[in-house]
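Q: Model the following, please.
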Amino acid sequence: MPKYAEFQTFREQNLITEADGDMLHREARALALRRIEESARTEEDFREVIKWWDKLDANRERRERDHEKGRSVVPLEWGTDEPYLSDRPSYDTVLRRLMLAGDFIDLIFDCPETLHELVTDADLSRILKDLKPHLKNMLYYLFLHDYSAAEYAENIGQSDRNIRGIRETALKKIRKLYGGILAYRQENSLPMTIDEKYFLNNGVRKKKDSRQLDR
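A: Numbering: from 1, shown residues only. Presented below is the predicted three-dimensional model:
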């Protein structure tokens, strides 16, 4: 079964509706499976749930087998530079490790235009997707590739002060939108992670590192 081939069946059974059309594929599939599980009442219903999971597991295992057949017998990490073995890896190092492990999804989406594909929360992904291109570009380099405001400003021919101002404006917008989403989840008793609860109460994901304040 090709990847996401089950979506046609999900739509025919109204497990994915038009209202879910903007969701990422993996999020929509997880939602459909959750709806199947939650609607199961009889023994036959639970057999249907198991059948779906068996199909998806078989498809995943087939892709893994096909991938392994195409892999070289020489370990990919041979010749790796020491920075890639660091205990505190940068984002570039993480991408390199994923590539060595044969996981290329994040590498494929590693560009400003697809910044939203690098987060797992569907609501946050929509917020990032709707940002203007110049804001996506700035967030991509400042937060993923660890550029300082001064380095990024020099690269695009603007002042350090201007970039800092744009950065703060963009972050305030994202925090406000995401805070509203989290407030809705809390009001409706929807599940939230510890980080999400902390963000809702404090407006930030975690305490600021004083070493990064002047970057």
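Q: going on from the host helix or strand of Asp54, what's the next piece of helix or strand?
A: Taking DSSP states H and E as the definition, one finds Asp54 inside helix 43-69. Reading on from helix 43-69 to the C-terminus, the next helix or strand found by DSSP H and E is helix 91-100.
Q: what does the average pLDDT come to for that following helix?
A: For helix 91-100, mean pLDDT rounds to 76.
Q: Spatially central, which residue of the protein would that be?
A: Val119 (1.8 Å; C-alpha atoms, centre = their mean).
Q: Next, give phi and psi for that one.
A: phi -120, psi 150 (degrees, to the nearest 10).
Q: quick one: Val119 from Phe143, how far?
A: Between Val119 and Phe143 the distance, using C-beta to C-beta, to the nearest Å, works out to 11 Å. Backbone N, C-alpha and C define where each C-beta goes, glycine included.
Q: what's the answer for Arg62, then?
A: 36 Å.
Q: Next up, the contacts around the closest residue to Leu142 other than its chain neighbours.
A: For Leu142, ignoring the flanking residues on the chain, the nearest one in space by C-beta to C-beta, 6 or more residues apart in numbering is Tyr152 at 5.9 Å. Residues in contact with Tyr152 (C-beta atoms under 8 Å, 6 or more residues apart in numbering) are Met138, Tyr141, Leu142, Ile163.
Q: Over to Tyr91?
A: Leu144, His145, Asp146.
Q: so, if you compare the residues you listed, which one comes nearest to Ser90?
A: Asp146 (6.0 Å; C-beta to C-beta).
Q: tell me how far the host helix or strand of Tyr184 is from the chain's mean position?
A: Tyr184 is located in helix 160-187, with elements delineated by DSSP H and E. For helix 160-187, the gap between its own C-alpha mean and the chain's C-alpha mean amounts to 18 Å (C-alpha atoms, centre = their mean, to the nearest Å).
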